[in-house]
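# Quick one, structure for this:
(2 chains)
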Amino acid sequence: MWALLVLALPATQEAQFSAPVRLAAADGLVRVESPGWACPAWHDVDRDGRKDLVVGQFHKGKMRLFKGLADGKLAAGTWLEAGGKVAEVPGVW
Amino acid sequence: MDLDSDGRTDILSGSYSRQDGDMAGLFQVLWGTAEGGFRKAEALAGSDGAVLLLPAGDSEDVDVDRICTRPFAADLDGDGKLDLVSGNFAGTFALFRGEGRGKFAPAATWLEAGGERMRVDAHGDPFLVDWDADGDLDLLSGSAQGGVFLFTNVGTRTAARFDASKVLLEPVGHAEPSAELGDAHLTRPNDSTRVWADDVNGDGKLDLLVGDNVTLYHAKDGVAPELAKEKLAVWLAAMEELFMAAGDDFNERYEALEKARDEHVREERTGFVWAFYRK
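All right, here's what the predicted structure looks like:
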């Protein structure tokens, strides 16, 4: 008789997720300016009850705001502003 | 988050290094305004009035313990006050205990697991969330090599004690550049990951948003894609040879190869945001 050994391999942690997808907004895939380094945050910035996507980047430490829409999609990105100008975090690049 | 408990959303950011003085990453805050906007970024000070800095390391060169800060504010010790956990270039994590209303102790301690500093490969990226739904805060982190790592809190809501890290998403490591043009071939995040956990699709389960860093190549305007792809493959092979051989003329040869490549290929450096939805 054949003795069948079954090795029970632990499922990778990644198996708990669906295949990854890149986020898209009304103006295309969410992406950052050169040299890269996208840093996402998910928060209701405009306090309309729907969470928005904010993506920081390396270049000038700017952040892009993609407002969450009623249909679950994201609006086209706009630069986050501070004091009436495009916000920049110093010392990033 | 509302860093100073004034009812307004604030933005907390790290930075690579300050521009004057010895290299050290500051923590920058864009305080929220009553109108729902933000003020210009300013460096966060500790409760002693001095800018908040990570503990100095013992490097004689660039202090990798102190640069490339990546802060996250959460009440780690359950005392009702936001604390600050920061990553750095070295890949370790520092805790500044909160004193309430946006004030933080000036000196930080390094987070440990099993008696050693908690660490990812480099570019620690802490995100505190109750990942296993047991009532305390666990720590997720991206890293320079990509992927996402989980440090489970095996302590309590008021006394955090972290376990050794587990791989939640596999890092790409030092992946070879792709000879493909464009971005259609991408199927997962590349390196230099930054993570955010939330119920993004509203199904009651925590998902992951992962930002990354990737270099793409495109055919230059007027160049046929087939030719561009061929030139790209030639360049990649030549670069591999160059790095193996090294030599005194490395810089000159590197620049010459790039110049030849750039006649047919355009390089683009960018980063995307990937969603991993929990099944």
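# Just the buried residues of the longest helix along chain B, please?
In chain B, taking DSSP state H as the definition, the longest helix is helix B:225-245. Residues of helix B:225-245 classed as buried: B:228-229, B:231-232, B:235-236, B:238-239, B:242 (neighbour count, 16 or more other C-beta atoms under 10 Å in any protein chain shown). Glycine gets a C-beta too; all of them are placed from N, C-alpha and C.
# ok, so of the residues you listed, who is nearest B:Arg101?
Checking the buried residues of helix B:225-245 against B:Arg101 by C-beta to C-beta gives B:Met239 as the nearest, at 52.8 Å.
# Distance of that closest one relative to chain A?
Per C-beta to the nearest C-beta, to the nearest Å, B:Met239 is found 18 Å from chain A.
# Run through the strands of the stretch 51-200 of chain B in chain order.
With DSSP state E, counting those that start in this stretch as the criterion, the stretch 51-200 of chain B has strands at B:70-74, B:83-87, B:93-96, B:98-100, B:103-104, B:109-110, B:112-113, B:116-117, B:125-129, B:138-142, B:148-151, B:166-169, B:191-198.
# Which elements pack onto the longest helix of chain B?
Helix B:225-245 sits against strand B:207-219, helix B:250-261, strand B:265-270, with contacts defined as 3 or more C-beta pairs under 8 Å, 6 or more residues apart in numbering or on different chains; DSSP states H and E.
# Tell me, how many residues neighbour the residue in chain A that chain B sits nearest to?
Here chain A gets closest to chain B at one residue, A:Ala38, 3.1 Å apart by C-beta to the nearest C-beta. Around A:Ala38 there are 29 other residues, counting by other C-beta atoms under 10 Å in any protein chain shown.
# Is it in contact with B:Asn213, as I believe?
Yes: if you go by C-beta atoms under 8 Å, A:Ala38 and B:Asn213 touch, sitting 7.1 Å apart.
# about what we covered before: neighbouring contacts of the longest helix of chain B?
B:176-177, B:179-181, B:217-220, B:250, B:253-254, B:257-258, B:260-261, B:263-265 (C-beta atoms under 8 Å, 6 or more residues apart in numbering or on different chains).
# try 10 Å this time
B:176-182, B:217-220, B:223-224, B:249-250, B:253-254, B:256-258, B:260-267 (C-beta atoms under 10 Å, 6 or more residues apart in numbering or on different chains).
# Generate the PyMOL command that creates a selection of the buried members of these.
In PyMOL, this line selects whichever of the contacts of helix B:225-245 come out buried by 16+ other C-beta under 10 Å:
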select buried, chain B and resi 178+181+217+218+219+220+223+257+261+264+265
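# out of the contacts of helix B:225-245, who's near chain A?
The subset of the contacts of helix B:225-245 within reach of chain A, by C-beta under 10 Å from any C-beta of the partner chain, is B:Glu267.
# about what we covered before: and for A:Ala38 and B:Asn213, which residues touch both?
A:32, A:57-58, B:189, B:192-194, B:270-272.
# Show the contacting residues for B:Val214.
So B:Val214 contacts A:31, A:36, A:38, B:146, B:172, B:175, B:177-178, B:183, B:186, B:189-192, B:268-272 (C-beta under 10 Å, 6+ apart).
# List only buried entries from those.
Buried members of the contacts of B:Val214, scored by 16+ other C-beta under 10 Å, are A:31, A:36, A:38, B:146, B:172, B:178, B:183, B:186, B:189-192, B:269-272.
# Residues contacting stretch B:31-39, please?
A:45-47, A:63, A:80-84, A:87, B:1-4, B:6-12, B:29-30, B:40-42, B:44, B:102.
# Please compute how far that stretch lies from its chain's middle.
26 Å (C-alpha atoms, centre = their mean, to the nearest Å).
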